[in-house]
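1. Prediction below, plus the sequence it came from.
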Amino acid sequence: MPGSAGQILRIDAIWLSREPLDMRAGPEKALARVVSSFGEARPHTAYVFANKRLNRVKVLVCDGFGIWLLARRLHQGRFTWTQLRTGEAVTIDTPQFQALVAGLPWQYAAADFVIDRQ
């Protein structure tokens, strides 16, 4: 995320996939999905996938040297996701990404990390 202190990964772009991903997918299968869905895996880009039940997400990050695969699971509730399950991927910004992985409605996240609408 741009400008973060102690940053391990540089992420310049975040893409949200509309199609669900099988959460059993490892790094190679997730990378294959990125290539088939987005055309290529770009350096310093994060690709976010959810499962069908929307209680788990995986994030594939390409750092220019290799790939990272991160997973998050909610014990209760569901992640807020785009209503459209097909079509082009959606780009999101850092505040929206942070709201999404916290389980908040990311579509309304403002730059100051405040949810400004319901």
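-> Cool, the structure landed. Numbering: from 1, shown residues only.
2. Around residue 66, how many other residues sit close by?
-> 8 (other Cβ atoms under 10 Å). Heads up, the C-betas are built off the backbone N, CA and C, glycines and all.
3. pLDDT at residue 75, what is it?
-> The score at residue 75 is 88. That number is its pLDDT.
4. number of nearby residues for it?
-> Counted with other Cβ under 10 Å, the neighbours of residue 75 add up to 5.
5. Tell me the spacing between it and residue 89.
-> Look at residue 75 and residue 89: by Cβ to Cβ, to the nearest Å, they are 27 Å apart.
6. how about low-confidence regions in the chain?
-> Applying pLDDT under 70 to the chain flags residues 1-7, 83-88, 110-118.
7. Quickly list what the spatially most central residue of it is bridged to.
-> With distances taken as Cα atoms, centre = their mean, residue 48 lies nearest the centre of the chain, 2.4 Å away. Beta-bridge partners for residue 48, by DSSP bridges, are residue 16, residue 59.
8. just so I have it, where are all the helices in the protein?
-> 27-38, 94-101 (DSSP state H).
9. which other helices and strands contact the shortest one?
-> In terms of contacts (3 or more Cβ pairs under 8 Å, 6 or more residues apart in numbering; DSSP states H and E), helix 94-101 is packed against strand 13-16, strand 45-50, strand 56-62.
10. of all these, which gets the most neighbours per residue?
-> Mean neighbours per residue, mean count of other Cβ atoms under 10 Å, is largest over these for strand 45-50, with a mean of 24.
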